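based on what follows, work out the 3D shape:
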Amino acid sequence: MRILILGATGGIGVLLIEEAVAAGHTVVVYARSPEKLPERFQAHPQVVVRKGQLTDAQALSDALQDVDAVLSALGPAVSRGPFHPKGEPLAHAYSLLIRVMKECRITRLIALGTPSIKDPKDKFSFTMSPIIAGIATFAHTAYKDVVGIGETIRREGGELEWTIVRVPLLNDNSDKRFVAGYVGDGHTTTFLARHAFAAFVLQELTSRQWVKAAPLVTSP
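Down below sits the predicted model:
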């Protein structure tokens, strides 16, 4: 399968490349600064690098040629916290992405999200609710952008087979185990290893268990 990965130069994106390559897929990296890609992938036979902005429809369309699915690790940078730009730039980027995907007849999208994107199947959680409230208060612009991502995908992605993979607090544990469910279901927790996120995404790419759904994926 030929897969385009967004956010590929970040920590989660690099893990997605590793999992995709290991599974035998061809990876198209679309990035503003592809020189940030680890050297081992810059000349890898299964990796194609395309430079471009999230606002450049033509460059994005060119990169999406012959692609079967889009995996996105786009999200507000944790290090920027409350300094995330106003105006929901990532939600607007998804709007353009969805439009170009439709033009290119690509239907599969798996996108990174957080529990700030609510789901009707979520329940109240004494552990998760304070985390969401804290982000909404102290990193409000990032919170609004993440919520906007979920709204955009659900509103504009009706023709797509989308999955929003909502993640809690991330860590660098190498454990790839995960559980998928919803907030407050008695099974999900408040942490997830980045390696486990990548493992879930590649599994979902082929299993298609969560199409048009927004599971919360956490460590067991």
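
let me know the next secondary structure element after the longest helix seen in the chain.
In the chain, assigned by DSSP state H, the helix with the most residues is helix 140-156. Going down the chain from helix 140-156, the next helix or strand is strand 161-166, by DSSP states H and E.

report the backbone C-alpha coordinates of that next one in CSV.
C-alpha atoms of strand 161-166 as CSV (Å, rounded to 0.1, in the frame of the first residue of the first chain):
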residue,chain,number,x,y,z
GLU,A,161,-13.6,6.4,5.6
TRP,A,162,-12.0,8.3,8.5
THR,A,163,-10.8,7.3,12.0
ILE,A,164,-9.9,9.8,14.7
VAL,A,165,-7.4,8.1,17.0
ARG,A,166,-7.8,10.0,20.3
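
show me what that strand is packed up against.
strand 108-113, helix 140-156, helix 194-207, strand 216-218 (3 or more C-beta pairs under 8 Å, 6 or more residues apart in numbering; DSSP states H and E). Placement of C-beta: from N, CA and C, glycine included.

could you dump the ones you listed into CSV and include distance to G7?
Shown next, in CSV, are these (distance: least, C-beta to C-beta, whole Å):
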stretch, distance to G7
strand 108-113, 7
helix 140-156, 12
helix 194-207, 12
strand 216-218, 16
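
and the ones you listed, which is most packed in?
Among the helices and strands packed on strand 161-166, strand 216-218 has the highest mean neighbour count (mean count of other C-beta atoms under 10 Å), at a mean of 26.

how about the helices and strands packed on strand 161-166, which one is nearest T188?
Relative to T188, the nearest member of those by C-beta to C-beta is strand 216-218, separated by 4.4 Å.

what about the closest one, average pLDDT?
Regarding strand 216-218, the rounded mean pLDDT is 98.

run through who's touching that strand.
115, 119, 122, 165-168, 178-183, 188-192, 196-197, 200 (C-beta atoms under 8 Å, 6 or more residues apart in numbering).

how far does the strand or helix carrying L170 sit from its chain's centre?
If you go by DSSP H and E, L170 is part of strand 169-171. Relative to the centre of its chain, strand 169-171 is centred 14 Å away, using C-alpha atoms, centre = their mean, to the nearest Å.

fine, thanks again, bye for now.
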